[in-house]
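In: Structure for the following, please:
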Amino acid sequence: MSYGFGWFLDPYQGHKRMSHDGSTIGFRTTIQRFPDDRLAVVILANRTDINPEELALKVADLYLAQK
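Out: Next up, the predicted model:
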């Protein structure tokens, strides 16, 4: 199953991940949760020319690399 209760459930680099993205006129967001690693990254952007998921995963990479 890759979707449950509004969360996309798919692993990221071997880590359990729950995520959800959203957008509307002028805004883009993402939440990336790694429950087993006790990590959540939230990006709220009021620009449409960036990729919040990409930014969140770069932050997650910094944290997960230390584990």
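In: For stretch 39-51, list every residue counted as buried.
Out: L39, V41, I43, A45 (16 or more other CB atoms under 10 Å). Every C-beta, even on glycine, is put in place using the N, C-alpha and C of the backbone.
In: give the contact list for the third one.
Out: It stands for I43. Contacts were defined as CB atoms under 8 Å, 6 or more residues apart in numbering; by that measure I43 touches R28, T29, T30, P52, E53, L55, A56.
In: now the buried residues of stretch 39-51 in TSV, with distance to Y63?
Out: TSV is the format used below for the buried residues of stretch 39-51 (distance: CB to CB, whole Å):
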residue	distance to Y63
L39	6
V41	8
I43	14
A45	20
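In: Closest to L64 out of those residues?
Out: Nearest to L64 out of those is L39 (CB to CB; 7.4 Å).
In: Skip the chain neighbours and tell me the closest residue to that closest one.
Out: What sits nearest to L39 in space, not counting adjacent residues and going by CB to CB, 6 or more residues apart in numbering, is Y63, at 5.5 Å.
In: can you pull out the strands in the protein?
Out: Using DSSP state E, the strands found in the chain span residues 3-4, 7-9, 18-24, 27-34, 39-45.
In: rewinding a little: what separation is there between the residue nearest to L39 and A40?
Out: Distance, Y63 to A40, using CB to CB, to the nearest Å: 10 Å.
In: Identify the contacts common to those two.
Out: Both Y63 and A40 lack any common contacting residue under the criterion CB under 8 Å, 6+ apart.
In: what's the pLDDT at the residue lying farthest from the centre of the chain?
Out: Taking CA atoms, centre = their mean as the measure, the residue most remote from the mean C-alpha position of the chain is I25, 20.1 Å away. pLDDT for I25: 90.
In: so what's the most centrally placed residue in the chain up against?
Out: Relative to the mean C-alpha position of the chain, the nearest C-alpha, by CA atoms, centre = their mean, is the one of Q32, at 2.4 Å. For Q32, the set of contacting residues under the criterion of CB under 8 Å, 6+ apart consists of Y12, R17, S19, A40, V41, V42, E53, A56, L57, A60.
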